[in-house]
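Student: What would the 3D arrangement of this be:
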Amino acid sequence: METFARLSGTGGCRKRGDSHSTTERRDLEEAIHQLPDLAAPLSVPSIRSLVRNPFYLDLAARLNWTGPEATPAGELAFRDKAWREVVCREDEAIEGLPLERDRVMVELAFDVRGP
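Tutor: Next up is the predicted model:
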C-alpha cells in the first residue's frame, strides 16, 4: 500500500511556526480521501490524535485495515498492530522470521543481549 506522504507529494504535513510538523485536520481528511481504508481507524479519537504526527500517519497508511478485527480500539492496540505488521511482518512467517525480527528489535531498543 502506498503511503500518504508519497501520494500527497508533500509529506502530508504543514509547517507551523515552530520546527515541529503536525498533520492538520484537512490533511487527515485528504489522507482518508486518498486512502479510504484509513476512515475506520481515524474515527477512533486516540488514533486520530496520534496520527497528527506525520510519522504515525505514514505508519497508519502502511497497515492492513481490512477484515473484521482490523480497527484497533485505541492507541495501544494501534501500536501493537504496527509492531506486528511493520516490524515483525507476521505475514512473512518464513522459518520464524517474525519472531527473530521482534527479538532483534527489542534487543536493539533496550540494548539487551540474549543467550
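
Student: Going by C-alpha atoms from here, please, whenever you check contacts or count neighbours.
Tutor: Fine.

Student: Quick one: list the elements packing against the helix or strand harbouring Asp58.
Tutor: Asp58 is part of helix 54-62 when elements are defined by DSSP states H and E. Under the contact criterion of 3 or more Cα pairs under 8 Å, 6 or more residues apart in numbering; DSSP states H and E, helix 54-62 touches helix 4-8.

Student: now do 10 Å
Tutor: helix 4-8, strand 21-22, helix 25-34, helix 45-50, helix 75-82 (3 or more Cα pairs under 10 Å, 6 or more residues apart in numbering; DSSP states H and E).

Student: Including mean pLDDT, could those go into a markdown table?
Tutor: Shown next, in a markdown table, are the helices and strands packed on helix 54-62 (pLDDT from 0 to 100):
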| stretch | mean pLDDT |
| --- | --- |
| helix 4-8 | 46 |
| strand 21-22 | 60 |
| helix 25-34 | 90 |
| helix 45-50 | 93 |
| helix 75-82 | 89 |
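
Student: now for the ones you listed, which one comes closest to Trp65?
Tutor: helix 75-82 (10.0 Å; Cα to Cα).

Student: Other residues contacting that closest one?
Tutor: 41, 44-51, 56, 59-60, 62-64, 70-72, 83-89 (Cα atoms under 10 Å, 6 or more residues apart in numbering).

Student: Now restrict these to buried residues only.
Tutor: Among the contacts of helix 75-82, the ones that count as buried by 16 or more other Cα atoms under 10 Å are 41, 47-48, 50-51, 56, 59-60, 62-64, 71-72, 84-86, 88-89.

Student: Could you check how far Gly74 is from Ile94?
Tutor: The spacing between Gly74 and Ile94, counted by Cα to Cα, to the nearest Å, is 30 Å.

Student: Neighbour count for the two, which is higher?
Tutor: More neighbours surround Gly74 than the other of Gly74 and Ile94, with 15 against 9 (other Cα atoms under 10 Å).
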